[in-house]
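Undergrad: I would like to see how this sequence folds:
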Amino acid sequence: MTEENYIKAVEANKIPEDDVIGVDVNGYNLAVYNVEGEFFATDNICTHGNAKLCDGFLDGHRIECPLHQGEFDVRSGKACTSPLTEDIKAYPTKVGDDGFIYISMIE
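TA: I've put the predicted structure just below:
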């Protein structure tokens, strides 16, 4: 994956440790997570209901949907608990020298 595949998303210091925020990146509604200083990004809308994951509860590498309490793994987007049956998309991230989180939107 080359540098040009990454899009500047948000300053890393805007996301407290062990928390999540919602961001809009090139028209994509994403959730960006800080888990013990490591950053992850997924689609922000739950596949089970029309709820924003950034409004959910982050516990380690799992985000709990605020609507029906299903959990996704923020590293892979995998649906981990019922009532979820469909994964969310996860995106590669990196932190640049400028302190911003960059997200790759390339499949």
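
Undergrad: State the number of residues packed around residue 96.
TA: Residue 96 sits with 12 neighbouring residues when counted by other Cβ atoms under 10 Å. Quick note: C-beta positions are derived from backbone N, CA and C, even for glycine.

Undergrad: can you tell me which residues contact it?
TA: Going by Cβ atoms under 8 Å, 6 or more residues apart in numbering, residue 96 touches 8, 102.

Undergrad: again with residue 44
TA: Residue 44 neighbours (Cβ under 8 Å, 6+ apart): 22, 29-31, 52-54.

Undergrad: Restricted to strands, list the residues you listed.
TA: 22, 29-31 (DSSP state E).

Undergrad: Counting neighbours, which of those comes out on top?
TA: residue 31 (26 neighbours).

Undergrad: from what I can see that one touches residue 22, true?
TA: Yes. Contact criterion Cβ atoms under 8 Å: residue 31 and residue 22 qualify, at 5.8 Å.

Undergrad: any common contacting residues for those two?
TA: By Cβ under 8 Å, 6+ apart, the residues touching both residue 31 and residue 22 are 44, 52-54.

Undergrad: Using the three-state scheme, assign residue 50.
TA: coil (DSSP: H, G, I helix; E, B strand; the rest coil).

Undergrad: And it, what's its pLDDT?
TA: The model reports residue 50 with a pLDDT of 86.

Undergrad: out of everything not next to it in sequence, what's closest to it?
TA: The shortest distance from residue 50 to any residue other than its chain neighbours is 7.9 Å, reached at residue 67 (Cβ to Cβ, 6 or more residues apart in numbering).

Undergrad: re earlier: for the ones in strands among the contacts of residue 44, which two are the farthest from each other?
TA: Using Cβ to Cβ, those span at most 8.3 Å, a distance reached by 29 and 31.

Undergrad: Show me the common contact partners of those two, please.
TA: 22, 43-44, 52.

Undergrad: Perfect, I'm done here.
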